[in-house]
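In: predicted model and sequence below, questions to follow.
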Amino acid sequence: EENKPIYIGDKQERRCIVHYDTPSFFCCIYLPLFNIIYYFCRNNHNTQLSIMEKAKVYFSDLRTSPTSNLLDKMERLLKRAGIGQLPLKDSFTAVKIHFGEPGNLAYIRPNYAARMANLLRSFGAKPFLTDCNTLYSGRRSNAVDHLQSAMENGFNPISAQCQVIIADGLKGTDYREIPIDGEYCPAPKIGTAIADADIIISMNHFKGHEQAGFGGALKNLGMGCASVGGKLELHASSQPKVATENCIGCNICVKHCAHDAIHLNAERKAEIDYTKCVGCGQCVALCQHDAAVVSDWDTSERLNYKIAEYSVAVLKDKPHFHISFIMNVSPECDCWNHNDAAIIPDLGMLASADPVALDKACADLVIQAPVLHSDNVLAKKHEHEDLCGCDKFHMIHPDTDWLAGLRHAEKIGLGTMDYELIKI
């Protein structure tokens, strides 16, 4: 039939539509050629034979009324953004959220997590809240302390109405390697509970970060879903080292090194044989005395590249959806045991199926927003400026480059920075 559109490639992906008004025999000759070109472009992650639409990012402000509170607005935002289109029925659904280091009060309130869990259950899902253990020592570096911290901050089956699972196990050593053939991370180490989940939902507190520039969807996914050894790969530019003054000679690193790269010397101090060490981070994860530690920290750009690649591994072959909260925008990460004063007013909630577009939209809104003229890290130095249009995260952390990470994420096909903001 003339003028009937022909889909090139996978019809479900709606990658490219070709209209024709030529005889059918002509199309029979050239249509396979188009499919060959499409297949080649898709599998080489280069310029695809496609007509790319802008990603849709949905926005809700924080104005409320007696008939519509913030939880109602969040649910309405999620439904409008299409969370119900996910194949949720009978699916194990990981809700990736930062539980907050005890003492830090800027994390997302558990009330939002409870509403999310109830909404997912209404679609037939089996949701659970999850996060992975930290690389640094603190109250979230093992599952026992991590769960206790989550409970203290309100993330428990009573208030959050959802089970809490630490994805990489007791000591951060329970993970799956997800092969992605990445430029920086060929096989990211992802917490097992997240790797085993059917669907990934991220709930992200958008704020500054001293190494990545800001923390949003990609930081929550890429860094947050990495096992302890994965976090070492993300942060470090070299193999771990032993701080001998902290080593007590407990021998746990020696017993669990899969590459026979650690031994105790004559003084019963751990030593690493770097000819055998592969930098897996197992010793860092297991050591409870800060003796096995990161040797050299990587640059902000490379960290963000790695975070993007880890995010690809987390979402690989899984339906996913993301919501970010531009509230209590503190200058640094929620991993600290304190949160400094917010730098801008609370702006709203944003949701999208594209985590790259979501992060870019959040960053743009923060850039456009005026600085709060209260006692915060920016207002002190810019007393008579509103800083609208300024990259506030780069001003606070000048050695960081968050845009590099988004560009790399776009390059490797995680999403697009080209978005349409839809206000509801």
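Out: Perfect, I can see it now.

In: and stretch 387-406, what's its mean pLDDT?
Out: If you average the pLDDT over stretch 387-406, you get 95.

In: how long is that stretch from one end to the other?
Out: Taking Cα to Cα, to the nearest Å as the measure, stretch 387-406 stretches 23 Å from start to finish.

In: can you list contacts of it?
Out: Contact with stretch 387-406 is made by 208-214, 218, 300-301, 303-305, 307-308, 331, 343-344, 356, 359-360, 363, 366-371, 377-378, 417, as judged by Cβ atoms under 8 Å, 6 or more residues apart in numbering. From N, CA and C alone the C-beta is placed, and that goes for glycine too.

In: give me the buried subset of those residues.
Out: 208-214, 218, 300-301, 303-305, 307-308, 331, 343-344, 356, 359-360, 363, 366-367, 369, 371, 377-378, 417 (16 or more other Cβ atoms under 10 Å).

In: which of those residues fall in helices?
Out: Those of the buried ones among the contacts of stretch 387-406 mapping onto helices are 218, 300-301, 303-305, 307-308, 356, 359-360, 363, 366-367, per DSSP state H.

In: just those residues now: which is nearest residue 70?
Out: residue 366 (19.4 Å; Cβ to Cβ).

In: the closest one reaches residue 326, doesn't it?
Out: Yes - if you go by Cβ atoms under 8 Å, residue 366 and residue 326 touch, sitting 6.7 Å apart.

In: now do the shared contacts for these two.
Out: With Cβ under 8 Å, 6+ apart as the test, residue 366 and residue 326 both reach 206, 347.

In: count the neighbours of the closest residue to residue 188 other than its chain neighbours for me.
Out: Excluding its sequence neighbours, the residue lying closest to residue 188 (Cβ to Cβ, 6 or more residues apart in numbering) is residue 313, at 3.8 Å. Neighbourhood size, residue 313 [other Cβ atoms under 10 Å]: 26.

In: and for residue 275?
Out: With other Cβ under 10 Å as criterion, residue 275 counts 6.

In: in three-state terms, label it for me.
Out: coil (DSSP: H, G, I helix; E, B strand; the rest coil).

In: spit out the contact partners of it.
Out: So residue 275 contacts nothing (Cβ under 8 Å, 6+ apart).

In: over to the one 3 residues further on?
Out: Taking Cβ under 8 Å, 6+ apart as the definition of contact, the neighbours of residue 278 are 239, 259, 261.

In: what's the answer for residue 210, then?
Out: Applying Cβ under 8 Å, 6+ apart, the residues contacting residue 210 are 332-333, 397, 400.

In: where are the low-confidence patches of the chain?
Out: Applying pLDDT under 70 to the chain flags residues 1-52, 238.

In: am I right that residue 305 is in contact with residue 218?
Out: No - counting by Cβ under 8 Å, residue 305 stays clear of residue 218, with 10.8 Å between them.

In: how much space separates residue 277 from residue 339?
Out: Residue 277 is 37 Å from residue 339, where distance means Cβ to Cβ, to the nearest Å.

In: also residue 176?
Out: Taken as Cβ to Cβ, the span from residue 176 to residue 339 is 32 Å.

In: how far away is the residue nearest to residue 188 from residue 182?
Out: From residue 313 to residue 182 the distance is 8 Å (Cβ to Cβ).

In: then residue 165?
Out: In this structure, residue 165 and residue 182 are 26 Å apart, going by Cβ to Cβ.

In: please apply the same query to residue 101.
Out: Relative to residue 182, and taking Cβ to Cβ, residue 101 is found at 29 Å.

In: who's in contact with the residue nearest the centre of the chain?
Out: Nearest to the geometric centre of the chain sits residue 221, at 1.9 Å (Cα atoms, centre = their mean). Neighbour list for residue 221: 96, 200, 202, 310-311, 314-315, 355 [criterion: Cβ under 8 Å, 6+ apart].

In: among those, which ones are in strands?
Out: Of the contacts of residue 221, the ones assigned to strands by DSSP state E are 96, 200, 202.

In: closest one to residue 283 out of these, please.
Out: For these, the nearest to residue 283 is residue 96 (26.3 Å; Cβ to Cβ).

In: and residue 404, what helix or strand is that in?
Out: According to DSSP states H and E, residue 404 maps onto helix 402-411.

In: ok now that helix, how far from the chain's centre?
Out: On the basis of Cα atoms, centre = their mean, to the nearest Å, helix 402-411 sits 13 Å off its chain's mean C-alpha point.

In: ranking the ones in strands among the contacts of residue 221 by neighbours, who comes first?
Out: residue 202 (27 neighbours).

In: would you mark the buried spots in stretch 56-68?
Out: Buried-residue list, stretch 56-68, by 16+ other Cβ under 10 Å: 56-60.

In: ok, residues contacting it?
Out: Stretch 56-68 is contacted by residues 70, 73-74, 76-77, 80-81, 327, 346-354, 357-358, 361, 419-424 when judged by Cβ under 8 Å, 6+ apart.

In: and if you look at stretch 153-169?
Out: Contact partners of stretch 153-169, identified using Cβ under 8 Å, 6+ apart, comprise 94-95, 97, 99-100, 102, 107, 109-111, 113-114, 117-118, 127-133, 143, 146-147, 150-151, 174-175, 190-194, 225, 227-228.

In: tell me the buried residues within those residues.
Out: Among these, those classed as buried by neighbour count (16+ other Cβ under 10 Å) are 94-95, 97, 99-100, 102, 107, 109-111, 113-114, 117, 127-133, 143, 146-147, 150-151, 174-175, 190-194, 225, 227-228.

In: among these, which lie within strands?
Out: Reading strands off these with DSSP E, I get 94-95, 127-131, 175, 190-191.

In: dump the residues you listed to JSON lines, plus distance to residue 250.
Out: Below are those laid out as JSON lines (distance: Cβ to Cβ, whole Å):
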{"residue": "94", "distance to residue 250": "33"}
{"residue": "95", "distance to residue 250": "36"}
{"residue": "127", "distance to residue 250": "38"}
{"residue": "128", "distance to residue 250": "33"}
{"residue": "129", "distance to residue 250": "33"}
{"residue": "130", "distance to residue 250": "29"}
{"residue": "131", "distance to residue 250": "27"}
{"residue": "175", "distance to residue 250": "23"}
{"residue": "190", "distance to residue 250": "28"}
{"residue": "191", "distance to residue 250": "25"}
